[in-house]
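Asker: Sharing a model that was predicted from the sequence below.
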Amino acid sequence: MKNYQSMDHFWMPFTANRAFKESPRIIERAEGMWLFNDEGRQILDATAGLWCVNAGHGRKQIADAVAAQIQTLDYTSPFNLGHDIGFEFAERLVKHSPQGLDRVFFSCSGSEAVESALKIALAYQNARGKGGKYRFIGREKGYHGVNFGGISVGGLTPNRKGFGPLLPVDHLPHTLDVERNAFSKGLPEFGIERAEALENLLQFHGSDSIAAVIVEPVSGAGGVVLPPVGYLKKLREICTRHDVLLIFDEVICGWGRLGDSFGANRFDVQPDMITSAKGITNGVLPLGAVFVRNEIYDTVLNAAPEGQVEFFHGYTYSAHPVACAAGLAALDIYESEGLLERGAGEIGQYWEEALHSLKGLPGIVDVRNFGLIGAVQFAAADGSLVGPTIMKRCYELGMSIRAVGDIIALSPPLIIEKSHIDQIVDIFTQISKEMFRG
């Protein structure tokens with residue numbers, strides 16, 4: 001129910017505010033796979049909120065855990081004080097991380113997790129006497145949040161432009177190659193050679209100046225860009241050979257999105273750190289985390305004098321007890337219902353075949369998928385931008401999606417069933433025929 005007089009006071013993030021407030025889309029409640037707007041209409045959530053509500057909306061188990069925790073311990077400082085639920089949550093989390101990444105540094109968001117990982121990388125290099133390793137390498141089309149570290153290593157021009165000097169960073173080329181890999185099912189065949197650009201950058205700058213490389217195993221906000229077969233393993237080999245840390249940003253593709261707890265597990269590649277957020281609490285409360293290789297943690301701690309702070313970094317809400325309660329309840333659901341592996345099973349296969357049935361429809365130039373993530377890429381004959389119009393039309397037809405330019409990114413809750421997938425495909429089919437039949 002509307003309890004405000006004006007929309008003028010809320011400056012909405014990543015939103016065309018003037019356009020939105022002329023034609024607002026207001027969501028009042030959510031349940032399972034569905035959003036319900038202020039007109040009482042049911043909207044299929046094909047993006048799990050914002051890549052995060054992996055177990056579906058309205059989970060009573062999480063709500064009950066949050067309510068109980070608020071009444072027990074709503075907050076305590078994470079600086080020089082602890083609480084049992086924080087230690088419990090970290091212990092539960094590392095059962096899902098790659099072997100050897102057993103240390104968890106908590107933040108409040110994915111952006112802060114990235115910022116923390118970059119600072120941990122610098123702290124580690126300093127602690128082992130290699131303070132000259134201060135540069136980072138990101139990747140074009142990469143999204144690593146919106147803090148200054150994140151936009152520095154990120155590869156999305158609008159997020160970087162206009163914010164002044166950034167960190168010393170260079171960028172790998174992206175791996176999106178529609179010309180050679182259009183309509184790939186799973187990982188694309190062509191493009192492993194783009195990993196060799198890392199060798200060139202390391203030689204150009206000198207590997208003794210590079211602290212870390214950060215990439216998303218699968219880029220989300222950049223348009224669902226999948227790694228070519230063997231590409232991530234090649235990055236790992238190059239980083240190891242040149243004594244450079246490798247950070248996987250799994251804020252989007254962690255917690256079941258790719259059919260495993262993490263993309264690192266699914267692709268069998270061991271990074272030095274993993275950043276996480278979003279699905280870590282099912283999107284119910286803000287919380288992020290960095291999973292850190294044991295040797296990095298030990299090096300930083302052992303370099304500091306006994307009894308003194310080893311790492312001068314943290315947040316007021318690090319390991320917030322209520323957020324940890326939400327995260328533990330979300331983990332219980334993921335584990336008991338087998339949601340983390342679901343995208344690698346029958347429903348993931350159905351998702352793949354259904355999306356690729358769109359091949360050949362007018363205006364659709366590519367479909368790509370992995371696990372329970374996907375993209376449908378459109379192109380207008382005159383080259384005009386059609387993504388925002390498609391996003392609006394999807395909403396009118398009862399589906400919430402995310403447009404990245406002319407790429408429609410899809411990341412439904414992991415509880416999705418075949419009937420929901422059919423609805424997604426039917427809506428895209430209708431839009432294709434409406435907008436591109438000429």
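Answerer: Structure's in. What do you need?

Asker: nearest residue to the residue most central in space within the chain other than its sequence neighbours?
Answerer: Nearest to the mean C-alpha position of the chain, by CA atoms, centre = their mean, lies residue 252 at 1.7 Å. Nearest residue to residue 252, sequence neighbours excluded (CB to CB, 6 or more residues apart in numbering): residue 220, at 3.8 Å. Where C-beta positions appear, they are placed from N, C-alpha and C, glycine not excepted.

Asker: Could you check the pLDDT of residue 2?
Answerer: At residue 2, the pLDDT value in this model is 86.

Asker: pretty sure it is touching residue 24, no?
Answerer: No - with contact defined as CB atoms under 8 Å, residue 2 does not count as touching residue 24 (10.5 Å).

Asker: Which one's more surrounded, these two?
Answerer: residue 24 (11 against 7; other CB atoms under 10 Å).

Asker: my guess is the more buried one meets residue 6, correct?
Answerer: No - counting by CB under 8 Å, residue 24 does not reach residue 6; the two are 11.8 Å apart.

Asker: per-domain residue ranges of the chain.
Answerer: Using automatic domain parsing, the domains assigned to the chain come out as 17-54+340-436, 63-337.

Asker: to the chain's geometric centre, what's the distance from the longest one?
Answerer: The one in question is domain 63-337. Centre-to-centre, domain 63-337 and its host chain are 10 Å apart (CA atoms, centre = their mean, to the nearest Å).

Asker: what about it, how long is it end to end?
Answerer: 17 Å (CA to CA, to the nearest Å).

Asker: same question, stretch 311-331
Answerer: 28 Å.

Asker: And stretch 266-285, by the same measure?
Answerer: 26 Å.

Asker: Likewise for stretch 366-380?
Answerer: For stretch 366-380, the end-to-end distance is 13 Å (CA to CA).

Asker: list the buried ones in that stretch?
Answerer: 366-379 (16 or more other CB atoms under 10 Å).

Asker: any residues touching stretch 337-350, and which ones?
Answerer: Contacts to stretch 337-350, defined as CB atoms under 8 Å, 6 or more residues apart in numbering, come from residues 54-55, 96, 255-261, 266, 333-334, 351, 371-373, 414-418, 421.

Asker: change it to 10 Å
Answerer: 54-56, 96, 185-186, 254-262, 265-266, 279, 282, 330-331, 333-334, 351-352, 369-373, 412-418, 420-422 (CB atoms under 10 Å, 6 or more residues apart in numbering).

Asker: Show me what the mean pLDDT comes to for it.
Answerer: For stretch 337-350, mean pLDDT rounds to 98.

Asker: Pull out the buried positions in it.
Answerer: Buried, per 16+ other CB under 10 Å, within stretch 337-350: 339, 340, 341, 342, 343, 344, 347, 348.

Asker: and that stretch, how far out from the chain's middle?
Answerer: Its chain's C-alpha centre and that of stretch 337-350 lie 19 Å apart, by CA atoms, centre = their mean.

Asker: still on that earlier bit, state the number of residues packed around the residue nearest to residue 252.
Answerer: Here the number of neighbours of residue 220 (other CB under 10 Å) works out to 26.

Asker: just for the protein, where's the confidence low?
Answerer: Within the chain, the stretches with pLDDT under 70 are 1, 438.

Asker: Show me the strands in the stretch 301-438 of the chain, by range?
Answerer: For the stretch 301-438 of the chain, applying DSSP state E, counting those that start in this stretch gives strands covering 364-370, 373-378, 399-400, 402-404, 407-410.

Asker: which element follows the strand or helix carrying residue 123 toward the C-terminus?
Answerer: For residue 123, the host element (DSSP states H and E) is helix 110-127. Using DSSP H and E, the helix or strand that directly follows helix 110-127 along the chain is strand 135-139.

Asker: Packing partners of that following strand?
Answerer: Using 3 or more CB pairs under 10 Å, 6 or more residues apart in numbering; DSSP states H and E, the elements in contact with strand 135-139 are helix 110-127, helix 148-153, strand 169-172, helix 197-205, strand 210-215, helix 231-241, strand 245-249.

Asker: could these go into a markdown table alongside mean neighbour count and distance to residue 62?
Answerer: Below are those laid out as a markdown table (neighbours: other CB atoms under 10 Å; distance: least, CB to CB, whole Å):
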| stretch | mean neighbour count | distance to residue 62 |
| --- | --- | --- |
| helix 110-127 | 25 | 19 |
| helix 148-153 | 23 | 27 |
| strand 169-172 | 19 | 37 |
| helix 197-205 | 16 | 40 |
| strand 210-215 | 26 | 30 |
| helix 231-241 | 19 | 32 |
| strand 245-249 | 29 | 25 |
